[in-house]
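Asks: Sequence isn't available, so here's the structure alone:
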């Protein structure tokens, strides 16, 4: 399992901020999206699905590999961003947090 970039979001705001930037990447860059599994996490249903972006709602697995993890910060659904950040630290993978404008 792996992609060049893992993107982790929870709240709508951070997903709206991160999505346009990720969509500007060349097609040769592989991206895997993850949405927090908290019921308050509306990034998947309210942003990604509407943009026809597939995603998973799971935490990191031992076999996950990526070059960088991009985390759209969340005020209410933060479990996934914490888990994926810790995974990045534990595996020496750079983690970039993006805060939405209203954050």
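Replies: Looks like it arrived, so ask away. In this text, all values refer to a predicted model and were calculated from it rather than measured experimentally.
Asks: Going by C-alpha atoms from here, please, whenever you check contacts or count neighbours.
Replies: OK.
Asks: can you give me the strands for this protein?
Replies: Secondary structure of the chain, counting by DSSP state E: strands at 5-9, 31-35, 68-72, 95-98.
Asks: Flag the shaky bits of this protein, pLDDT-wise.
Replies: Across the chain, the ranges flagged by pLDDT under 70 are 101-103.
Asks: what comes up buried for stretch 87-96?
Replies: The neighbour-count check on stretch 87-96 (16 or more other Cα atoms under 10 Å) flags 87-88, 93, 95 as buried.
Asks: Show me the two of the residues you listed that sit farthest apart.
Replies: Greatest spatial distance among those (Cα to Cα): 87 and 95, at 9.3 Å.
Asks: I'd like to know how many residues surround residue 62.
Replies: With neighbours defined by other Cα atoms under 10 Å, the count for residue 62 comes to 8.
Asks: between the buried residues of stretch 87-96, which is closest to residue 26?
Replies: Once Cα to Cα is applied, the member of those that ends up nearest residue 26 is residue 95, at 20.0 Å.
Asks: And the buried residues of stretch 87-96, which is closest to residue 52?
Replies: residue 95 (24.9 Å).
Asks: and the closest one, what are its bridge partners?
Replies: Counting by DSSP bridges, residue 95 forms beta bridges with residue 69.
Asks: That one and residue 32: what is the separation?
Replies: Distance from residue 95 to residue 32, counting by Cα to Cα, to the nearest Å: 14 Å.
Asks: Repeat that for residue 15.
Replies: 13 Å.
Asks: the more surrounded of those two?
Replies: Neighbour totals were compared for residue 15 and residue 32, and residue 15 leads with 27 against 18 (other Cα under 10 Å).
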